[in-house]
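**Student:** Fold the following and give me the result.
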Amino acid sequence: MFVIMDRRTGTAAVVPDANLSGSSSLAVYVVATTAEGTESALTAAGRLANGLDMQITVLVPHVVPYPLPLDGATGESSVLARRYGAIASAIGLDATGRLCLCRSPREVFRSLLSERAIVVVGGRRHRFWPTSAERLARRLQKLGHHVVFAPMGERATRPGEETTRCRRTGQLAAARRQPWTW
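**Tutor:** Coordinates of the predicted model:
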């Protein structure tokens, strides 16, 4: 059992076990990790849904401790809903936000995601060991979902661009290759 809050209407509903993908249209689910990771995931989901009739749903799992009831909406949950709604609005996407009050995020993914759903997870990528966002992406992949990992801090290059790293800061920068002119 968990609570779903709709950020547009501000209503909350207690759901024992539900599946949000009852519609026949394609849906992309973005799992909120951190503010920067969610921003990169929303950007990737926007590129994925560009030109297609895909509904983007942002799932924000919020763990509620056992002494507190699940059906009580806290002030912190409304702040979370506004934060992720502002991120989606800043990118310019029309996304539906679902704040899920739960005891464990795993039950949210098991109950709300349809079988073989398209899920976008954003976060940092580490060279030697997996980050929490990468572990979440792997866990969702093991559940049978199609997962896209959107690394934050790295820009996608266009054709004709190459990436270089700054020696001092280590940040990626794209350099446009110009053809030689005589």
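
**Student:** Quick one: the strands in this structure, in order.
**Tutor:** Counting by DSSP state E, the chain has strands at residues 2-6, 12-15, 26-31, 54-63, 95-102, 118-123, 146-151, 161-165, 172-176.

**Student:** residues making contact with the fourth one?
**Tutor:** Contact partners of strand 54-63, identified using Cβ atoms under 8 Å, 6 or more residues apart in numbering, comprise 20, 23, 25-32, 38, 42, 45-46, 48-49, 76-77, 80-81, 84, 88, 93-105, 108-109, 112-113. The C-beta positions use only the backbone N, C-alpha and C, and glycine is treated the same way.

**Student:** for stretch 128-139, same thing?
**Tutor:** Under the criterion Cβ under 8 Å, 6+ apart, external residues in contact with stretch 128-139 comprise 31, 33-34, 37, 106, 109, 119, 121-126, 147, 149.

**Student:** how does it look with 7 Å?
**Tutor:** The set of residues that contact stretch 128-139 without belonging to it, under Cβ atoms under 7 Å, 6 or more residues apart in numbering, is 31, 33, 37, 121-125, 147, 149.

**Student:** Buried among those residues? Need that as a selection in ChimeraX.
**Tutor:** One line in ChimeraX is enough to select the buried members of the contacts of stretch 128-139, burial here meaning 16 or more other Cβ atoms under 10 Å:
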select :31,33,37,121,122,123,124,147,149
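
**Student:** tell me, how many neighbours does residue 153 end up with?
**Tutor:** 12 (other Cβ atoms under 10 Å).

**Student:** same deal with residue 103?
**Tutor:** Residues near residue 103, counting by other Cβ under 10 Å, number 14.

**Student:** phi, psi of it?
**Tutor:** Backbone torsions of residue 103, given as degrees, to the nearest 10, read phi -90, psi -30.

**Student:** Find me the pLDDT at it, would you?
**Tutor:** Listed pLDDT for residue 103 reads 86.

**Student:** just residue 154 next, same as before
**Tutor:** Residue-level confidence at residue 154 comes out at 59, pLDDT.

**Student:** next one: residue 144
**Tutor:** Confidence score, pLDDT, at residue 144: 90.

**Student:** which residue packs closest to it, ignoring adjacent ones?
**Tutor:** Taking Cβ to Cβ, 6 or more residues apart in numbering, and ignoring the residues beside it in sequence, residue 144 has residue 116 as its nearest neighbour in space, at 5.7 Å.

**Student:** so how far is residue 69 from that neighbour?
**Tutor:** Counting by Cβ to Cβ, to the nearest Å, the gap between residue 116 and residue 69 amounts to 34 Å.
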